[in-house]
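1. Sequence and predicted structure below; questions after.
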Amino acid sequence: MSMALEDGSRVAVIGGGPAGSLFAYYLLTFAQRIDLNLLVDIYEPRDFTRPGPAGCNMCGGIVSESLVQLLALEGINLPSTVVQRGIDSYVLHTDQSSVRIDTPLTEKRIAAVHRGGGPRNVRALKWGGLDGYLLGMAQQRGAKVVAARVGEVGWNDGRPQVRVEGGAHTYDLLAGATGVNSSGWQLFEQLGLRSRRPETTKAYVTELNLGDELIAQYFGSSMHMFLLTIPRLDCAAIIPKGDFLTVCLLGRDIDRELVTAFFESPAVKRCFPPTWTPAEGECHCSPKINVREAACPFMDRVVLVGDSGVTRLYKDGIGAAYRTAKAAARTAVFSGVSARDFQKYYWPIYRSIARDNRYGWLIFALVHRIKAVGALRRGAVKMAGGEQAAPGMARRMSIVLWDMFTGSAPYREIFSRTLDPRFLGRFIWESALAAVGDGRGK
Amino acid sequence: MDEGALGQQYADGEVICRQGEPGDRMYVIQAGRATVVREEGGTEVVVRELIAGDVFGEMAIFERQPRSATVRAKGTARVLTLDKRAFLRGVHEDPSLAYGILQAMSQRIRSLTEELSRLKSKG
Ligand SMILES: Cc1cc2nc3c(=O)[nH]c(=O)nc-3n(C[C@H](O)[C@H](O)[C@H](O)COP(=O)(O)OP(=O)(O)OC[C@H]3O[C@@H](n4cnc5c(N)ncnc54)[C@H](O)[C@@H]3O)c2cc1C
């Protein structure tokens, strides 16, 4: 039996989040380039135009600088109906001080989006979500969307089969794009995929309705990042969007206590209008986040893309969905759909993302250390602040921080930049000055 | 233009990139229009008009040559820049990323060929 896609081959995509939609989009794009006629069904139960959690694949909604550029190159220019705010800078807050870091060209190259129809209490549906937009792109290329949750799969004569209410459908390829926030993995185990599941931890997202004007005044078009000495919190971000702020906490099993500690910390209070207090009942969720990849993302005629396989640690998950989806689609169209094809052409990309996360863990471990020592923390902020104030100066700390928080560069590259003697020298110098200052202050 | 838009905003007539200057990035028009003009002996010739979605400045990515023309906003325009490094790194992992650029260049050669043959048949 041939394991290549042919004219009339059928492909099932389970899950229509960014990974599923981009997989379908690129599969059809590549196929059309070589005049190959494929039939693609995307199974997705969510209606992304609905406000609140029902229509949302919960996340911070930052489309990274690198992904914005890659998509633009491919002719995918996110419209201003999807991009709620273009981000041109970020502000790094520590317990004592803050520093603002601009994009090298002071240009809006990061997009803040909503994933679904918007928060539960959204008043006007001015914007469409990213997921609905990408799904629409796949549909325009010819994919059919089946509004159903897949509860059962199996095999039929060597081909994967999807069983939903109303019948069973057999395919030549099944792409798993169920993310990590559902029982999707059971399906792949039903198909016989033997692999360690992705490991996850619980994050926290809430949407605060502050209104357009206050957001512009207090948060501007900056992403606000927080490096606070709250245990278990790896990083936190506040992202301005239209009328709402998205607050995103990442770390180990974020619970209520940690969320309260965050909102009560002076660094966070400083950012908000003095009289503001978080209202009860704002839209919030505790989604899972993939912190370690699935050991094996493919078998004959089955491939996993996006979060159900691998993502980038704490950042640019949508970018990882794009990279894995496109690599899997490329393999399926130009090579074939056997495990060997995926091993040869898909695995290297998958593995490179997973390997890079090892450097990510290392960096976060270092950041925890730096956070714990006041002089180092202040040294880092002072170094970045000095670079921002002196336009001609090499922006070593700024670039490290920028790449770290925006997802613009691989962790490995960031790590190697921090080993540069000029970076280390300056950092140690600024920290020593901060330590001397501390001594004097006492 | 609203806050959601990406890139940088240029006013009517403002220069986005200038002929003769070195370039290490290309551009994609997000909204509005731009004109490509070639400055020759003190006069300006409009070579091309660009609309939303068009990529320009890509020659600087492939050749180490100064910009071959000046591009100006026509009306208010919003333009996103693409870094040479990010592009080439992307192409290294995924050569299909260059497909769009090849397609645009191919279209440009086609229209230049037509133009050339028109000029030759006139002369
Ligand atoms: C708190 C938090 C903040 C984040 N912030 C960012 C950020 O700012 N920027 C960024 O780039 N990334 C961020 N991420 C990561 C990002 O959310 C994910 O990497 C991205 O959503 C992965 O896309 P996906 O398509 O693989 O999965 P998902 O987006 O989870 O989509 C999976 C889809 O599959 C569908 N599905 C599931 N099971 C079935 C089934 N049985 N049948 C049919 N359909 C099914 C679901 O309905 C869903 O639509 C964040 C994640 C978290 C948890």
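-> Here it is on my side, so go on. Predicted model, so just to flag it, every value in this text is computed and none were measured. Numbers count the residues shown, from 1 in each chain, chains lettered A, B, ... in the order given.
2. okay but A:Arg378 is in contact with A:Asp95, surely?
-> No: judged on C-beta atoms under 8 Å, A:Arg378 makes no contact with A:Asp95 at a distance of 9.6 Å. (C-beta placed from N, C-alpha, C; glycine too.)
3. quick one: which of the two has more around it?
-> For the pair A:Arg378 and A:Asp95, the greater number of neighbours falls to A:Arg378 (22 against 16), based on other C-beta atoms under 10 Å in any protein chain shown.
4. For that one, give its distance to the ligand.
-> 27 Å (C-beta to the nearest ligand atom, to the nearest Å).
5. so who does that residue touch?
-> Shown here is A:Arg378, whose contacts under the criterion C-beta atoms under 8 Å, 6 or more residues apart in numbering or on different chains are A:94, A:96-97, A:430-431, A:434, A:437.
6. now A:Leu313
-> Counting by C-beta under 8 Å, 6+ apart, the residues that A:Leu313 touches are A:291, A:357, A:360-361, A:364, A:411.
7. now swap in A:Glu44 and tell me
-> Taking C-beta under 8 Å, 6+ apart as the test, what A:Glu44 contacts is A:15-17, A:20, A:135, A:145-147.
8. Highest neighbour count among the contacts of A:Leu313?
-> A:Tyr411 (24 neighbours).
9. A:Ile76 against A:Met137, yeah?
-> Yes: taking C-beta under 8 Å as the definition, A:Ile76 is a contact partner of A:Met137 at 7.1 Å.
10. Would you pull up the residue in chain B closest to the ligand?
-> Shortest chain B-to-the ligand distance, computed as C-beta to the nearest ligand atom: residue-wise this is B:Leu6, at 15.3 Å.
11. now the stretch 1-150 of chain A
-> For the stretch 1-150 of chain A, C-beta to the nearest ligand atom, closest residue to the ligand: A:Gly17, 2.2 Å.
12. element containing B:Glu44, please.
-> Assigned by DSSP states H and E, B:Glu44 belongs to strand B:43-50.
13. close to chain A, is that strand?
-> No: applying C-beta under 8 Å from any C-beta of the partner chain, one finds strand B:43-50 out of contact with chain A, separated by at least 13.3 Å.
14. Look at residue 71 and report its pLDDT.
-> Picking chain A for this. In this model, A:Leu71 is scored at 94, pLDDT.
15. my question was about chain B
-> So, for B:Val71, pLDDT stands at 97.
16. just checking, it touches B:Glu14?
-> No: applying C-beta under 8 Å, one finds B:Val71 not in contact with B:Glu14, separated by 10.0 Å.
17. more neighbours, these two?
-> B:Val71 (25 against 13).
18. partners of the more buried one in the sheet?
-> Beta bridges link B:Val71 to B:Cys17, B:Val36 when assigned by DSSP bridges.
19. Please report how far it lies from A:Asp234.
-> B:Val71 sits 43 Å away from A:Asp234, going by C-beta to C-beta, to the nearest Å.
20. Quick check: closest non-adjacent residue to the spatially most central residue of chain B.
-> The residue lying closest to the centre of chain B (C-alpha atoms, centre = their mean) is B:Phe56, at 1.8 Å. If the residues on either side of it in the chain are set aside, B:Phe56 comes closest to B:Tyr27, at 5.4 Å by C-beta to C-beta, 6 or more residues apart in numbering or on different chains.
21. what helix or strand is that neighbour on?
-> Taking DSSP H and E as the criterion, B:Tyr27 maps to strand B:25-40.
22. Rounded mean pLDDT for that strand, please.
-> On average, the pLDDT along strand B:25-40 is 94.
23. Would you mark the buried spots in it?
-> Of the residues in strand B:25-40, those buried by neighbour count under the rule 16 or more other C-beta atoms under 10 Å in any protein chain shown are B:25-37.
24. likewise stretch A:52-60?
-> By neighbour count, with 16+ other C-beta under 10 Å as the criterion, the buried positions of stretch A:52-60 are A:52-53, A:55-60.
25. before we move on, what about stretch A:64-81?
-> Using 16+ other C-beta under 10 Å as the burial criterion, the residues of stretch A:64-81 that qualify are A:64-74, A:76-80.
26. restrict the residues you listed to those near chain B?
-> Under the cut-off given by C-beta under 8 Å from any C-beta, chain B has A:66, A:68-70, A:72-74, A:77-78, A:80 from the buried residues of stretch A:64-81 close to it.
27. mind putting the residues you listed in CSV, secondary structure and distance to A:Leu313 included?
-> Conversion of these to CSV gives the following (DSSP: H, G, I helix; E, B strand; the rest coil; distance: C-beta to C-beta, whole Å):
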residue, secondary structure, distance to A:Leu313
A:Ser66, helix, 15
A:Val68, helix, 20
A:Gln69, helix, 21
A:Leu70, helix, 19
A:Ala72, helix, 25
A:Leu73, helix, 25
A:Glu74, coil, 25
A:Asn77, coil, 28
A:Leu78, coil, 24
A:Ser80, coil, 30
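28. quick one: A:Ile414 and A:Phe405 touch, right?
-> No: counting by C-beta under 8 Å, A:Ile414 sits too far from A:Phe405 to count as a contact (10.2 Å).
29. can the helix or strand hosting B:Gln107 be found next to chain A?
-> Element membership of B:Gln107 [criterion: DSSP H and E] is helix B:99-122. Yes: for helix B:99-122 and chain A, the contact criterion (C-beta under 8 Å from any C-beta) is met by B:99-101.
30. I'd like to know which of these is nearest to chain A.
-> B:Gly100 (5.5 Å; C-beta to the nearest C-beta).
31. need the contact list for the closest one.
-> Applying C-beta under 8 Å, 6+ apart to B:Gly100 gives the contacts A:73-75, B:55.
32. now, the most widely separated pair of the residues you listed?
-> Across the contacts of B:Gly100, no pair lies farther apart than A:Glu74 and B:Val55, at 10.4 Å, counting by C-beta to C-beta.
33. From A:Gln343, how far off is the most centrally placed residue in chain A?
-> The geometric centre of chain A, computed from its C-alpha atoms, lies nearest to A:Gly317 (C-alpha atoms, centre = their mean), at 2.5 Å. Note on A:Gly317: its distance to A:Gln343, by C-beta to C-beta, is 24 Å.
34. Can you check the pLDDT for the closest residue to A:Thr106 other than its chain neighbours?
-> Nearest residue to A:Thr106, sequence neighbours excluded (C-beta to C-beta, 6+ apart): A:Asp88, at 5.9 Å. According to the model's per-residue confidence, A:Asp88 sits at a pLDDT of 90.
35. so A:Asp88 touches A:Glu107, yeah?
-> Yes: the pair A:Asp88 / A:Glu107 is scored as a contact, 6.1 Å apart, by C-beta under 8 Å.
36. Need the single longest helix in chain A, by residues.
-> With residue count as the measure and DSSP state H as the assignment, chain A has helix A:347-372 as its longest helix.
37. May I see the buried residues of whichever helix or strand comes after that helix?
-> From helix A:347-372 onward toward the C-terminus, using DSSP H and E, the following helix or strand is helix A:374-389. Along helix A:374-389, the positions that meet the burial threshold by neighbour count (16+ other C-beta under 10 Å) are A:374-388.
38. how about helix A:374-389 as CSV, C-alpha atoms only?
-> Extracted C-alpha coordinates of helix A:374-389, given in CSV (Å, rounded to 0.1, in the frame of the first residue of the first chain):
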residue,chain,number,x,y,z
GLY,A,374,18.6,42.0,45.0
ALA,A,375,21.9,43.4,43.6
LEU,A,376,21.8,41.2,40.6
ARG,A,377,18.2,42.0,39.9
ARG,A,378,18.9,45.7,40.1
GLY,A,379,22.1,45.3,38.1
ALA,A,380,20.1,43.8,35.2
VAL,A,381,17.5,46.5,35.2
LYS,A,382,20.2,49.3,35.5
MET,A,383,22.1,47.8,32.6
ALA,A,384,19.1,47.7,30.4
GLY,A,385,18.1,51.1,31.5
GLY,A,386,21.5,52.6,30.7
GLU,A,387,21.4,51.0,27.2
GLN,A,388,18.0,52.5,26.5
ALA,A,389,19.1,56.0,27.7
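39. Which positions in the stretch 101-250 of chain A make contact with the ligand?
-> A:149-150, A:177-179, A:181-182, A:184, A:203, A:205, A:248 (C-beta under 6 Å from any ligand atom).
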